[in-house]
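S.K.: based on what follows, work out the 3D shape:
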Amino acid sequence: MTTYGRDLAVHETPIPGLLVIDLPVHGDDRGWFKENWQREKLRELGVPDLGPVQNNISFNDAVGTTRGIHAEPWDKFISVATGRVFGAWVDLRAGDSFGTVFTTEITGDVAIYVPRGIGNSYQSLEPDTAYTYLVNDHWSPDASYTFLNLADETVAIDWPIPLADCELSDKDRNHPRLADVVPFGPRKTLVTGADGQLGQALRRAFEGQDHVEFTDVAELDLTADLSTARAWKRYDTIINAAAYTAVDKAETPEGRAAAWKVNVEAVANLARVATENQLTLVHVSSDYVFDGTQELHTEDEALAPLGVYGQTKAAGDVVASTAPRHYVVRTSWVIGEGNNFVRTMASLAERGIDPTVVDDQHGRLTFTDDLAAGIRHLLTERPDHGTYNLSNTGDVSSWATIAKRVYELTGHDPARVTPVSTADYYASAEGPISPRPTHSALDLAKITATGFTARDADAALVAYLSAE
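M.R.: Here you go, the predicted model:
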């Protein structure tokens, strides 16, 4: 057997993400053979894992058959089985590269990887040309499509055969010019638990981002089968801000079942969807996955939860990590909208109540606006997938110290707050109490190395109380 064509190689183009692939072709007197799509080899060379669900072939009888320019909400892998074509691509995605053009000839030993939103077109250069392409989503009449006129003067494609001499469809003749094209938007991001403390902060963080979609438990039941709940190939990311957070109630039979359902079963469903559709899953975790014996928790510390809530969050971490593209964001002592420790202390101070607060549990507050900003940072910068600690920065404090600071900032005497040990506090409590970690402070070196640093916790507390 003889070999002709090229070694397997991948080349970038002026259009970001559009790749030209050289394919080895092996032939003899009987004909030829090529590996048109070989997942592992192409992945090693940097071609995204297409995950094809459909293979299409467009057969062209005559020389000069011209089709396009069409941009669809899925990725393509293009080649020819017979014949030869002139291919032309125009970036129709919103951004700095909008309107960028790339052209090349596609023969049997060339393939093209085309990301969604890039306008695709071609002109057959030989009779009986079979133009074939793999796609990673099924065609749908409800999908978003963007079209550009083949004769647009701005992109000025230099067609080998003048369009006046070509076979064109009426639709392709009448597509809009570039000046009239609405740029193709990015894939969607779905935020679950959008009405919770973090969900509301994420709404603010992504304000004006039309591709971000928010949903709550009433709109999307995460504990049900999610495989057909959305056209998932049109999404890029799921941010799971939904969680069962009633820490003490989780110690009751009813609460235990609910916590496992929301914090584990729902996460498993999301991880399955993310894996099957190559989505990025962002899952928010907790310091409660640790027993608190370490004074500062790193991302690789072994999980050792104390109570039911912590057990479900630890299990959720493991499940979320099964998604190849995941960010587990581990946080602590969250303060946002609705009822929380800071608001409770401020209310007690105003009502003349002198609280008893534990002084042997230590950590840092995390304000939801900083948590949301950190999540957006991860999705913008896209560092290596994995677990990232994320809280506000600054000194580690006890709950009693924070309570005193709230009293001080609201104009009340901090001496009204009485410190107490966890053991004494639990002894006087009514109803089930979940064990808490003694130390909840998180090591922030990993996320800091990606370029994100949250506000100082005390400065954030001052701002939070000023806005109340």
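S.K.: distance of Val212 from Gly17?
M.R.: Distance, Val212 to Gly17, using CB to CB, to the nearest Å: 21 Å. C-beta coordinates here come from the backbone N, C-alpha and C atoms, glycine included.
S.K.: those two - which one has more neighbours?
M.R.: Per other CB atoms under 10 Å, whichever of Val212 and Gly17 has more neighbours is Val212, with 21 against 17.
S.K.: burial count for Gly411?
M.R.: Applying other CB under 10 Å, we find 8 residues neighbouring Gly411.
S.K.: so it, which of the three states?
M.R.: coil (DSSP: H, G, I helix; E, B strand; the rest coil).
S.K.: can you give me phi and psi for it?
M.R.: The phi/psi pair for Gly411 (degrees, to the nearest 10) reads phi 80, psi 30.
S.K.: try His297
M.R.: Torsion angles, degrees, to the nearest 10, at His297: phi -90, psi 120.
S.K.: pLDDT wise, what is it at?
M.R.: We have a pLDDT of 97 for His297.
S.K.: tell me how many other residues surround it.
M.R.: Neighbour count for His297, taken as other CB under 10 Å: 22.
S.K.: who's it bridged to?
M.R.: With DSSP bridges applied, His297 shows beta-bridge pairing to Leu442.
S.K.: surely it touches Phe290?
M.R.: Yes. Look at His297 against Phe290 with CB atoms under 8 Å: they come within range, at 5.3 Å.
S.K.: how near is Ile239 to Leu279?
M.R.: Using CB to CB, one gets 11 Å for the distance from Ile239 to Leu279.
S.K.: which of the two has more neighbours?
M.R.: Of the pair Ile239 and Leu279, Ile239 is the one with more neighbours under other CB under 10 Å, namely 31 against 25.
S.K.: three-state assignment of that one?
M.R.: Three-state assignment for Ile239 (three-state DSSP): strand.
S.K.: domains of this protein?
M.R.: Per the record, the chain has its domains at 2-180, 188-467, by automatic domain parsing.
S.K.: tell me where the stretch 151-300 of the chain has strands.
M.R.: Here the stretch 151-300 of the chain has its strands, by DSSP state E, counting those that start in this stretch, at 188-192, 212-214, 235-240, 280-286.
S.K.: deepest-packed of these, please.
M.R.: Each of the strands of the stretch 151-300 of the chain was scored by mean neighbour count; the highest is strand 280-286, a mean of 25, by mean count of other CB atoms under 10 Å.
S.K.: could you check the angle the following helix or strand past it makes with strand 235-240?
M.R.: Once the chain leaves strand 280-286, the next helix or strand it forms, by DSSP states H and E, is helix 308-320. On the basis of axes from the mean of the first three to the mean of the last three CA atoms, to 10 degrees, helix 308-320 is oriented at 170 degrees to strand 235-240.
S.K.: pull out the buried positions in helix 308-320.
M.R.: 308-317, 319-320 (16 or more other CB atoms under 10 Å).
S.K.: what's the answer for stretch 181-199, then?
M.R.: The neighbour-count check on stretch 181-199 (16+ other CB under 10 Å) flags 181, 184, 186-199 as buried.
S.K.: re the thing from before, deepest-packed of the domains of the chain, please.
M.R.: For the domains of the chain, average neighbour numbers computed from mean count of other CB under 10 Å are highest in domain 188-467, which has a mean of 19.
S.K.: secondary structure element holding Ile66?
M.R.: One thing to correct before we go on: residue 66 is Thr, not Ile. Counting by DSSP H and E, the element that carries Thr66 is strand 66-71.
S.K.: packing partners for that strand?
M.R.: Identification of packing neighbours for strand 66-71 by 3 or more CB pairs under 8 Å, 6 or more residues apart in numbering; DSSP states H and E yields strand 85-91, strand 118-124, strand 146-147, helix 170-173.
S.K.: try 6 Å
M.R.: Applying 3 or more CB pairs under 6 Å, 6 or more residues apart in numbering; DSSP states H and E, one finds that strand 66-71 makes contact with strand 118-124.
S.K.: just how off-centre is the strand it packs on within its chain?
M.R.: Relative to the centre of its chain, strand 118-124 is centred 30 Å away, using CA atoms, centre = their mean, to the nearest Å.
S.K.: who does it pair up with?
M.R.: Applying DSSP bridges, one finds strand 118-124 paired with strand 66-71 (antiparallel), strand 85-91 (antiparallel).
S.K.: in contact with Asn36, which residues?
M.R.: Asn36 sits next to Ser79 when contact means CB atoms under 6 Å, 6 or more residues apart in numbering.
S.K.: next one: it from Ser121, what distance?
M.R.: On the measure of CB to CB, Asn36 and Ser121 end up 21 Å apart.
S.K.: now Gly411
M.R.: On the measure of CB to CB, Gly411 and Ser121 end up 68 Å apart.
S.K.: sec struct for Asp7, please.
M.R.: strand.
S.K.: could you find the closest non-adjacent residue to it?
M.R.: Spatial nearest neighbour of Asp7, excluding adjacent residues (CB to CB, 6 or more residues apart in numbering): Pro24 at 6.2 Å.
S.K.: so which strand or helix has the one you found?
M.R.: In the assignment (DSSP H and E), Pro24 maps to strand 19-28.
S.K.: okay, angle between that strand and strand 85-91 too, please.
M.R.: If you take the same axes, to 10 degrees, strand 19-28 sits at 160 degrees to strand 85-91.
S.K.: need the nearest residue in space to Glu337, chain neighbours excluded.
M.R.: Closest to Glu337 by CB to CB, 6+ apart is Gln200, at 4.9 Å.
S.K.: separation between the residue most central in space within the chain and Lys34?
M.R.: Centroid-nearest residue in the chain, with CA atoms, centre = their mean: Thr237, separated by 2.8 Å. Distance from Thr237 to Lys34, counting by CB to CB: 35 Å.
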